[in-house]
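Student: Need the 3D shape of this:
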Amino acid sequence: MNVRTAAIADLESFILDGIPLARAMNLSIESFDGDRLIMTAPLGPNINDKGCAFGGSLASVMTLACWALVEMALRRRGDDCDVFVGESTVRYLAPVWEDLRAEASLAVGASWDAFFAMLDARGKARAAFRCFIPGEAKPRASLDAVFVAKRRKA
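Tutor: Below is the predicted model of the structure:
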């Protein structure tokens, strides 16, 4: 079920209040269904000199979509953690001529169960994530990344 909830609105406000780049990009969380988070941004503030989406904006919206997915999963469990991107690879596959839409999920083979078991055992965890900017036949851009969560000290 893709719905916009109070939890989504709270996380979006947290992002926009704390990350000036996200505010300048006019990012928005469209939905979160427990497995996938969709983040959007209008093309206007994210345009390059050719009239299509700026590569840095594509990388940023995909990185923030994955980060927000991890943050939402942690918040749902009541875990208070700092979340970091550990590594990432971005591929630019085709120009984006319309508003940005990033779809983030766990990578194939990764699981929330393993992630949270590691977090509970060690106070930190890492998992692989995949995000893409959809196109008609294939993604226009993709991000493969590892994100780390580290429990904050009480």
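
Student: In terms of pLDDT, where does residue 10 sit?
Tutor: The model reports residue 10 with a pLDDT of 95.

Student: cool, residue 143 as well?
Tutor: The model's pLDDT for residue 143 equals 98.

Student: My read is that it contacts residue 61, right?
Tutor: No: using CB atoms under 8 Å, residue 143 makes no contact with residue 61, being 9.3 Å away. Glycine gets a C-beta too; all of them are placed from N, C-alpha and C.

Student: Of these two, which one has the most company?
Tutor: Shown here are residue 143 and residue 61; by other CB atoms under 10 Å, residue 61 has more neighbours (27 against 24).

Student: mind checking how far the more buried one is from residue 105?
Tutor: 15 Å (CB to CB, to the nearest Å).

Student: Secondary structure element holding the residue positioned nearest the centre of the chain?
Tutor: The geometric centre of the chain, computed from its C-alpha atoms, lies nearest to residue 65 (CA atoms, centre = their mean), at 1.4 Å. Residue 65 belongs to helix 55-77 when assigned by DSSP states H and E.

Student: same question, residue 138
Tutor: Per DSSP H and E: residue 138 is located in neither a helix nor a strand.

Student: Give me the phi and psi angles of the residue lying closest to it once chain neighbours are set aside.
Tutor: Among residues not flanking residue 138 along the chain, residue 93 sits closest, at 6.8 Å (CB to CB, 6 or more residues apart in numbering). Torsion angles at residue 93 (phi, psi; degrees, to the nearest 10) stand at phi -110, psi -30.

Student: if I pick residue 93, what's in contact with it?
Tutor: The neighbourhood of residue 93, defined by CB atoms under 8 Å, 6 or more residues apart in numbering, consists of 135, 138, 139, 140, 141, 142.

Student: I'd guessed the first one sits against residue 94; true?
Tutor: Pointing back at residue 135 there. Yes: with contact defined as CB under 8 Å, residue 135 counts as touching residue 94 (5.8 Å).

Student: How many neighbouring residues does the spatially closest residue to residue 144 that is not a sequence neighbour have?
Tutor: Spatially, and ignoring its direct neighbours in sequence, residue 144 is nearest to residue 89 (5.0 Å; CB to CB, 6+ apart). A count of neighbours around residue 89, defined by other CB under 10 Å, yields 9.
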